[in-house]
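> Please find the sequence and the predicted model below.
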Amino acid sequence: MANNPIGMREVRELLRLYFKQGLSGRKAAKVAGIGKTAASQYIAGFKSSGVSISAISGMNDSELINLINIRKKTQNPRYTALEKLFPDFERDLKKVGVTLHLLWEEYQQTHKDGYEYSQFCHHYYHWRKESKVSMHMEHKAGDKLFVDFTGKKLYITDPATGEREACEVFVSVLGCSQLSYIEAVHSQKKEDWIAVNQNALQFYGGAPAAIVPDCLRSAVSKSNKYEPKVNQTYQDFGEHYQTVILPARALHPKDKSLAENFVRLAYQRIYAPLRNEVFYSLEELNQALWEKLELHNKKNFQHKSYSRQSLFDQVEKQELKPLPTTFYELKHFCQLKVQYNHHIYLKADKHYYSIPFKYTGKKVKVIYTLSNVEAYFNNERIALHQRNRKPYGYTTKNEHRPAHHRFQAEWTSERFISWGRSIGPEVEQLIARILDSRPHPEQAYRSCMGLLNLAKKHPKPAYRKACEKALEMNCLQYKFIKNMLNNKTFNVEEEPLELFELPTHNNIRGKENFN
């Protein structure tokens, strides 16, 4: 056999040209790109096997190379015993921390006359290269989750109008076990993208060390071969689940070959069986997708005795990180300037939210979710509000106001009446009358504030007497009470009117003359 292992695609082509097309061994070897000596050995090995040429289409590469490799058939029992262990080594190497050296040490414990480490590695690598073991072997358990959208869409139908709506289809595949997930959503927008990623992690029951997305806009803000810029919301999603977002390189489909491969299988095993079905809602469509997905995950790998589901349960499930107790709440990020009235204007709500007044004129980082609005300055949170979607309304916290604004904002009718009651019943009654007499509350509050200032400047008995006088005269003006206190006219008693009779006179006629 040739020293340099030959790809099994070339070997299959050699056998096809020789046994099906009838080409000579030399010509078939030349067309297939194999040396004539190696080609003759492959042809001789296949002839000695007694297997029909049509049977090789159902064989994997490992089975075919073992069938036609004469050298291996004549080898000593040491190699035969080792070769039987290679499929188990392939599976064990997917587990975290498992190395060929560890497997060799375990092999030595049960095979005292076994190969030394260098020959052990040589035979394993030779077997792996000859059988063309797929690249997924190198994915460690719990390491990566590959996510993407399929190219082809599915549809839901409006039962009333019959109109069809196209749906995007999300897929994800774990690197080690290849356990897959699929879900249809309305769009590829950020909200739907985060939702299906979260649903995928819930499906697996844990989070991998890294998530590998394609360079779609919802995942990557700016693609770059070396340092792509991850969308800020998606980055925050990764931090919530303690996983790294590791975008695939643009125009490098091999970076996410497992996702690409599942998309191909999904077309065959999920799309095709549902091609004649009509779905009237997204929930109905997803239920059908998940039923077919379960069959796919439980189906054994080709020419292997285990499935994606069993490999996940045995090897990968325990390597995933536990999920947090709370779901990720979608966040939006923006930079806003604090306006002169110490509020920011959130365009999404058309609403104003207060910020501590000392940040007026500064630019702050705003993060808002479905329920909350947060503001940060120099990585320190300076405001937290419950989200309010009332257009052009104000959400204001009292502690965010300057001191003089805070005092004015605390003006209420009850507070002024309570203050008047603390001085005396005359003052309480006067304030109540003033509040009832003004057309606008703020106008009455200003008059009450004036009365409050007067109470601080004059003795309490004099002040109460002035208020009592104002009530008697029904004069509810601040200036009247101020003048009364300054001039001390509240002590002046009104002179009683003297009653007198008109004298009798001939020119004065009585009332009877006016009938």
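Done, it's in.
> Stretch 457-470: which residues count as buried?
For stretch 457-470, a neighbour-count test (16 or more other CB atoms under 10 Å) marks His458, Tyr463, Arg464, Lys465, Ala466, Cys467, Glu468, Lys469, Ala470 as buried. Any C-beta I mention is one placed from the backbone N, CA and C, and that applies to glycine too.
> Out of those, name the ones that lie in helices.
Counting by DSSP state H, the part of the buried residues of stretch 457-470 found in helices is Tyr463, Arg464, Lys465, Ala466, Cys467, Glu468, Lys469, Ala470.
> avg pLDDT for the longest strand anywhere in the chain?
In the chain, assigned by DSSP state E, the strand with the most residues is strand 164-174. Mean pLDDT, strand 164-174: 94.
> What of stretch 452-471?
84.
> now do stretch 287-299
The average pLDDT within stretch 287-299 is 94.
> out of the buried residues of stretch 457-470, who's nearest Tyr267?
Distance to Tyr267, by CB to CB, is smallest for Cys467 among the buried residues of stretch 457-470, at 88.6 Å.
> tell me the contacts of the closest one?
Neighbour list for Cys467: Gly424, Glu426, Val427, Gln429, Leu430, Ile481 [criterion: CB atoms under 8 Å, 6 or more residues apart in numbering].
> And the closest residue to Lys390 other than its chain neighbours, how far from Glu163?
In space, and not counting its chain neighbours, Lys390 is closest to His351: 6.1 Å by CB to CB, 6 or more residues apart in numbering. Per CB to CB, to the nearest Å, His351 is found 35 Å from Glu163.
> Skip ahead from the helix or strand where Glu105 lies and say which helix or strand is next.
Assigned by DSSP states H and E, Glu105 belongs to helix 100-110. Using DSSP H and E, the helix or strand that directly follows helix 100-110 along the chain is helix 117-130.
> What helices and strands are in contact with that following helix?
helix 61-68, helix 77-92, helix 100-110 (3 or more CB pairs under 8 Å, 6 or more residues apart in numbering; DSSP states H and E).
> any idea which helix or strand comes after it?
strand 144-149.
> what residues does that next one touch?
Contacts of strand 144-149 (CB under 8 Å, 6+ apart): 168-175, 188, 197, 200-201, 204, 208-214, 216, 243, 246, 256, 258-260, 263.
> Now a ChimeraX select for only the buried ones of those.
For the buried members of these, the matching ChimeraX selection, counting by 16+ other CB under 10 Å, is:
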select :168,169,170,171,172,173,174,175,197,200,201,204,208,209,210,211,212,213,214,243,246,256,258,259,260,263
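> quick one on the thing from earlier: what are the C-alpha coordinates of the longest strand of the chain, in CSV please?
This file holds the C-alpha atoms of strand 164-174, laid out as CSV (Å, rounded to 0.1, in the frame of the first residue of the first chain):
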residue,chain,number,x,y,z
ARG,A,164,-49.4,33.2,2.7
GLU,A,165,-46.8,34.7,5.0
ALA,A,166,-43.1,33.8,4.6
CYS,A,167,-41.3,32.7,7.8
GLU,A,168,-37.6,32.6,8.6
VAL,A,169,-36.3,29.2,9.9
PHE,A,170,-33.6,29.2,12.6
VAL,A,171,-31.3,26.2,13.1
SER,A,172,-28.6,25.4,15.7
VAL,A,173,-26.2,22.4,16.1
LEU,A,174,-24.0,21.4,19.0
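> quick one: contacts for the closest residue to Leu293 other than its chain neighbours?
Spatial nearest neighbour of Leu293, chain neighbours left out: Ile182 (5.2 Å); criterion: CB to CB, 6+ apart. Residues in contact with Ile182 (CB under 8 Å, 6+ apart) are Val169, Phe170, Val171, Ala266, Ile270, Leu289, Trp290, Leu293.
> ok, those residues vs Ala44, which is closest?
Distances from Ala44 to the contacts of Ile182, taken by CB to CB, are shortest for Ala266, at 41.9 Å.
> mind checking the SS state of the closest one?
Recorded secondary structure, Ala266: helix (DSSP: H, G, I helix; E, B strand; the rest coil).
> Could you check the pLDDT of it?
91.
> Tell me if I'm right that it and Thr150 touch.
Yes: if you go by CB atoms under 8 Å, Ala266 and Thr150 touch, sitting 6.5 Å apart.
> what's the overlap in contacts for those two?
Val169, Val171.
> For stretch 93-105, buried residues please.
Neighbour count says stretch 93-105 has Leu93, Lys94, Lys95, Val98, Leu100, Leu103, Trp104 buried, by 16+ other CB under 10 Å.
> Just want to check the distance between the residue nearest to Gly142 when sequence neighbours are not counted and Lys95.
Excluding the flanking residues, the one nearest Gly142 by CB to CB, 6+ apart is Glu319, at 3.0 Å. Noted for Glu319: a distance of 8 Å to Lys95, by CB to CB.
> Show me the common contact partners of those two, please.
Common neighbours of Glu319 and Lys95 (CB under 8 Å, 6+ apart) are Lys140, Ala141.
> Ranking helices and strands of this structure by mean pLDDT, which lands last?
Taking mean pLDDT, DSSP states H and E as the measure, helix 70-73 is the helix or strand of the chain with the lowest mean score, a mean of 48.
> coming back round to it: please name whichever of the helices and strands packed on helix 117-130 is nearest to Phe301.
Nearest of the helices and strands packed on helix 117-130 to Phe301, taken as CB to CB: helix 77-92 at 10.8 Å.
> Compute the distance between Lys331 and Arg389, please.
Counting by CB to CB - Lys331 and Arg389 are separated by 17 Å.
> Give me the more crowded residue out of those two.
A count of neighbours by other CB atoms under 10 Å puts Lys331 above the other of Lys331 and Arg389, at 17 against 10.
> and the more buried one, backbone torsions?
phi -120, psi 150 (degrees, to the nearest 10).
> OK, contacts around Leu451?
When contacts are counted by CB under 8 Å, 6+ apart, Leu451 touches Gly420, Val427, Leu430, Ile431, Ile434, Tyr478, Ile481.
> Burial check on the residue lying closest to Tyr392 once chain neighbours are set aside, number of neighbours?
Nearest residue to Tyr392 in three dimensions, chain neighbours excluded: Lys350, at 5.9 Å (CB to CB, 6+ apart). Neighbours of Lys350 under the rule other CB under 10 Å: 12.
> before we move on, what about Pro425?
12.
> Wait, Ala432 touches Ile417, no?
Yes: Ala432 lies in contact with Ile417 (CB under 8 Å); the separation is 6.0 Å.
> Can you report how many residues lie near Ile68?
For Ile68, the neighbour count with other CB under 10 Å is 24.
> Please tell me I have it right and it contacts Leu14.
No: in this structure, Ile68 is not within contact of Leu14 by CB under 8 Å, at 10.0 Å.
> Give me the common contacts of the two.
Tyr42.
> Surely Leu289 and Tyr181 touch.
No: assessed by CB under 8 Å, Leu289 is found out of contact with Tyr181, at 9.7 Å.
> what sits against Glu374?
For Glu374, the contact set (CB under 8 Å, 6+ apart) comprises Val366, Ile367, Tyr368, Arg381, Ala383, Leu384, His385.
> Considering those, which possesses the most neighbours?
In terms of neighbours by other CB under 10 Å, the contacts of Glu374 top out with Ala383 at 23 neighbours.
> which one is that residue nearest to, not counting chain neighbours?
Closest to Ala383 by CB to CB, 6+ apart is Ala375, at 4.1 Å.
> Then that neighbour would be within a helix, right?
No: assigned with three-state DSSP, Ala375 falls outside any helix and is strand.
> List the contacts of the nearest residue to His400 once chain neighbours are set aside.
Once flanking residues are discounted, His400 sits nearest to Ser354: 4.2 Å by CB to CB, 6+ apart. Neighbouring residues of Ser354 by CB under 8 Å, 6+ apart: His342, His343, Ala383, His385, Tyr394, Thr395, Thr396, Lys397, His400, Arg401.
> Would you list the buried entries among those residues?
His342, His343, Ala383, His385, Thr395, Thr396, His400, Arg401.
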